[in-house]
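# Pasting the sequence and the predicted coordinates here, then a few questions.
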2 protein chains.
Amino acid sequence: MTTSGELVSPLDGIVLDRASPVPLYYQVAQYLERAIESGALSPGSRFENEIQLADRLGLSRPTMRRAMQHLVDKGLLVRRRGIGTRVVSPTVRRSLELTSLHDDLSRDGQRPGTKLLSLSEVPATAKVALALGLPAGAQVVEIVRLRSAMDQPIAKMTNHLPLGLIDLTATNLERQGLYEVIRSSGIRLHSATQVIGARVASAAEARLLGETRGAAVLTMQRTTYDDSGAVIEYGNHIYAASRYSFQLSLLAG
Amino acid sequence: MTTSGELVSPLDGIVLDRASPVPLYYQVAQYLERAIESGALSPGSRFENEIQLADRLGLSRPTMRRAMQHLVDKGLLVRRRGIGTRVVSPTVRRSLELTSLHDDLSRDGQRPGTKLLSLSEVPATAKVALALGLPAGAQVVEIVRLRSAMDQPIAKMTNHLPLGLIDLTATNLERQGLYEVIRSSGIRLHSATQVIGARVASAAEARLLGETRGAAVLTMQRTTYDDSGAVIEYGNHIYAASRYSFQLSLLAG
DNA sequence: CAGTGGTCTAGACCACACC
DNA sequence: GTGTGGTCTAGACCACTGT
C-alpha cells in the first residue's frame, strides 16, 4: 500500500515474456491495471517518469508510453505535461467498471437467468425489415427470451437476425448468450446504436413482467453492425422499470 | 467520388503546416475525417498502404499510423492485417454521430431552448450530500431548468454543485449551458456515470411537462467527476417519454 | 532552471491473408 | 511469395509546469 501523492515505481513484480504472442505494451498495461484495481497503487499516487519506467523493464520509451496511454484511454490514469502520471481515484474507477455491449446484470449475487420463450423463422415486419436492411416480408430468425434476476422476471427481449448468418440453436442460446454465439461464429462486431425510452406497460407485458397495471417500462431498441457495415442483429426489449435501470459511464473527450 | 472497394489515395488535397501547434497526426486525421464525412471517400474504399501514404506526405510511418489509429478508435476506419484499411459504411457512420456528455436535442430543426426556473443556494438533502461527497446539510448550489423543443417542454433538469467551485450566474447559464460554463472555468472533466430509469409521472411533473396523468417519464441521474476524482456536479432529470428518448452508440471492444 | 509528458523520425522484424 | 498492418527500438526536439 502506498500513500496518496507518493512517488511510486509501480512495476516491481512484473515479469515480461518476450516470446509470448501477447504484445509487450499489453503485458505492461495489464499488469498495471491489475495493480491499480487491487489497490496496490493507491489513488493519487504518482508514477516515476516514463523514461525511468521503460529503463527498469528494458523497454523503449514508445512501448512504455503505449502501455500507459492504453490506461489513460480507459480512464484509469491521468497524465499532464510538466506534472506527471497519477492514478485516478477509486470512486471514479468503480464508476467506470460498468457499461458494455452486454447486460449489466451479471455482477453481484443477482442470480441472473435467461429463459428461451421461442426461436423461430418468421416473415419480417416493416420495422424489422427496415432495421435489418431487408425487403419487407423476408424471412428472419426471431428470438424471444425472458431475463430474470433472483427468480423474478426483469425483461422481455426480442431479437431478429438475418437468415443463415449464424447457427442458432436452443441449446447454445441457453448456454452462451446471444452475443457470445455471434462472436464465436467468427463475426467481428463493430458497433451498435441504442435508443432508450419509456412507456406504460400493456396488460400482457405487465403480466409477463410481474408488474401492476399502468406500471412504467423501459424500452430499448438496438441495432448491431459488423466490420463491413452489415446489420447483424436488431433487438427490441422491455424492462420492468421498478426493478431495473441502465447504468453507463462516459469518458470526457 | 469513388466506387466501393476501389483503391484510393485519400490525401491528395492536404496541406500540412509544420509550424502549427496542431500535431501533424491530428492534421492528417482531421483531413481524413472531413473527407470521409463529406462522402469524398465512399463506403468500402480501400486505402493505399500506410507506408505509401506516409511517403506522399513526407511523414514517418508512425505518424501516419497514429492519424489512422485515431479514426479507427472513432469507428470510421477498419484495418485488418494482411488486408488493408477501409472506410466503414455510411449507415454505421451516421449511427456513431450520436452520444456525448451533452444533450442530443440540438440536431435538426428542433428549436431547443432552456429556461432557468431557479438558481439558489440550499442545504443538501441526504441523497445530494452523498452524491457530492459532502456532509448532510452542507450548503450547495441548486439549478432547476426546463428544457424544451419546438416550444414544448421536454425535460425538467435539476443540478446540484459544491459551493464556490464555479461562478454560476443566471446570464451565463442561459447563454452557455452548464457544461460549457464548467469547462470555461478551467475544470478538466474526466468522466461521468449515468443511471437511466423510468417511472410514472407525479401530478405536478405531468403538468409541468404537458403530459397526461399516469404518463411514463424517463429518469436520469448523472454524477460528473474531474481529473482529480472530485465530484463536480450531480444531476437528477426527468424527461417526457412520449416526446424524448436517449440515443447512444457503442463501439465494440 | 530542471523535470515532465507530447510529438516525430527512420529504421527493423514479425504475423497474417491472399495468390 | 508478396503485401498488408502490428510491434518494437533508440534516439531527437519541443511544450508545459513548477522552482
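Received the coordinates, thanks.

# Touching, residue A:246 and residue B:196? I think so.
Yes: counting by CB atoms under 8 Å, residue A:246 does reach residue B:196; the two are 4.4 Å apart. Just so you know, the C-beta spots here come from the backbone N, C-alpha and C atoms, and that holds for glycine as well.

# Mutual contacts of those two, please.
A:196, A:218 (CB atoms under 8 Å, 6 or more residues apart in numbering or on different chains).

# Which residue ranges of the stretch 151-253 of chain A form strands?
All strands of the stretch 151-253 of chain A, identified by DSSP state E, counting those that start in this stretch, fall at A:152-162, A:189-200, A:216-226, A:231-240, A:246-251.

# With respect to residue B:88, which of those lies nearest?
Distance to residue B:88, taken as CB to CB, is lowest for strand A:189-200 among these, at 6.9 Å.

# Flag every buried residue along the closest one.
Of the residues in strand A:189-200, A:189, A:190, A:191, A:192, A:193, A:194, A:196, A:197, A:198, A:199, A:200 count as buried by neighbour count, 16 or more other CB atoms under 10 Å in any protein chain shown.

# Contacts (any at all) between DNA strand D and that strand?
No: shown here: strand A:189-200 not in contact with DNA strand D (CB under 7 Å from any atom of the strand), separated by at least 13.9 Å.

# In the buried residues of strand A:189-200, find the pair that's most separated.
Maximum pairwise distance among those (CB to CB): 34.8 Å, between A:190 and A:200.

# what's around the closest residue to chain B within the stretch 1-150 of chain A, how many residues?
For the stretch 1-150 of chain A, the residue closest to chain B is residue A:89, as judged by CB to the nearest CB, at 2.7 Å. Neighbourhood size, residue A:89 [other CB atoms under 10 Å in any protein chain shown]: 20.

# what's the answer for residue A:20, then?
10.

# Residue A:40 in helix, strand or coil?
In three-state terms, and counting by DSSP: H, G, I helix; E, B strand; the rest coil, residue A:40 is coil.

# For it, give its distance to DNA strand D.
From residue A:40 across to DNA strand D, the span is 23 Å (CB to the nearest atom of the strand, to the nearest Å).

# Quick one: low-confidence residue ranges for the stretch 51-200 of chain A.
A:98-109 (pLDDT under 70).

# Disregarding residues adjacent in the polypeptide, which is nearest to the closest residue to chain B within the stretch 151-253 of chain A?
Residue of the stretch 151-253 of chain A nearest chain B, by CB to the nearest CB: residue A:229 (2.7 Å). Leaving aside its sequence neighbours, residue A:229 sits nearest to residue B:89 (CB to CB, 6 or more residues apart in numbering or on different chains; 2.7 Å).

# next one: residue A:227
The spatially closest residue to residue A:227, leaving aside those adjacent along the chain, is residue A:188, at 4.4 Å (CB to CB, 6+ apart).

# wait, what's in contact with that neighbour?
A:226, A:227, B:252.

# Can you read off the backbone torsions of the closest residue to DNA strand D within chain A?
DNA strand D sits closest to residue A:82 of chain A, with a gap of 2.3 Å, by CB to the nearest atom of the strand. The phi/psi pair for residue A:82 (degrees, to the nearest 10) reads phi 80, psi -10.

# Next: residue A:133.
Main-chain torsions, residue A:133, degrees, to the nearest 10: phi 70, psi 40.

# give the contact list for it.
Going by CB under 8 Å, 6+ apart, residue A:133 touches A:230, A:231, B:91.

# between the residues you listed, which is closest to DNA strand C?
So of the contacts of residue A:133, ranked by how close each gets to DNA strand C (CB to the nearest atom of the strand), first place is residue A:230, at 16.0 Å.

# Please list all residues in contact with the closest one.
Per CB under 8 Å, 6+ apart, neighbours of residue A:230: residue A:133.

# ok, now how distant is it from residue A:223?
11 Å (CB to CB, to the nearest Å).

# Equivalent analysis for residue A:127, please.
Here the criterion is CB to CB. By it, residue A:127 lies 11 Å from residue A:223.

# Also residue A:201?
Separation of residue A:201 from residue A:223 (CB to CB) stands at 23 Å.

# And residue A:193, by the same measure?
From residue A:193 across to residue A:223, the span is 5 Å (CB to CB).

# And residue A:87, by the same measure?
For residue A:87, the distance to residue A:223 - CB to CB - is 37 Å.

# got it, and residue A:25?
Here residue A:25 is placed at a distance of 33 Å from residue A:223 (CB to CB).

# And those two? Which one has more around it.
More crowded of residue A:25 and residue A:223, by other CB under 10 Å: residue A:223, with 21 against 18.

# Surely that one is in contact with residue A:190?
No: counting by CB under 8 Å, residue A:223 stays clear of residue A:190, with 11.5 Å between them.

# before we move on, back to that, overlap of the contact sets of residue A:193 and residue A:223?
Residues touching both residue A:193 and residue A:223 by CB under 8 Å, 6+ apart: residue B:95.

# Show me the helices in the stretch 51-200 of chain A, by range?
A:61-73, A:90-96, A:126-132, A:170-176, A:178-184 (DSSP state H, counting those that start in this stretch).

# Which one, of those helices, ends up nearest to DNA strand C?
helix A:61-73 (5.5 Å).

# Looking only at the closest one, what residues are buried by neighbour count?
Neighbour counts over helix A:61-73 (16+ other CB under 10 Å) mark A:64, A:65, A:66, A:67, A:68, A:70, A:71 as buried.

# what's the burial count for residue A:229?
With other CB under 10 Å as criterion, residue A:229 counts 20.

# doesn't residue B:92 make contact with it?
Yes: when contacts are counted by CB under 8 Å, residue A:229 is listed as touching residue B:92 (5.0 Å).

# Identify the contacts common to these two.
Residues touching both residue A:229 and residue B:92 (CB under 8 Å, 6+ apart): residue A:190.

# Contact residues of the stretch 51-200 of chain A facing DNA strand C?
Residues of the stretch 51-200 of chain A lying near DNA strand C by CB under 7 Å from any atom of the strand: A:51, A:61, A:62, A:65, A:69, A:79, A:80, A:81, A:82, A:83, A:84, A:85.
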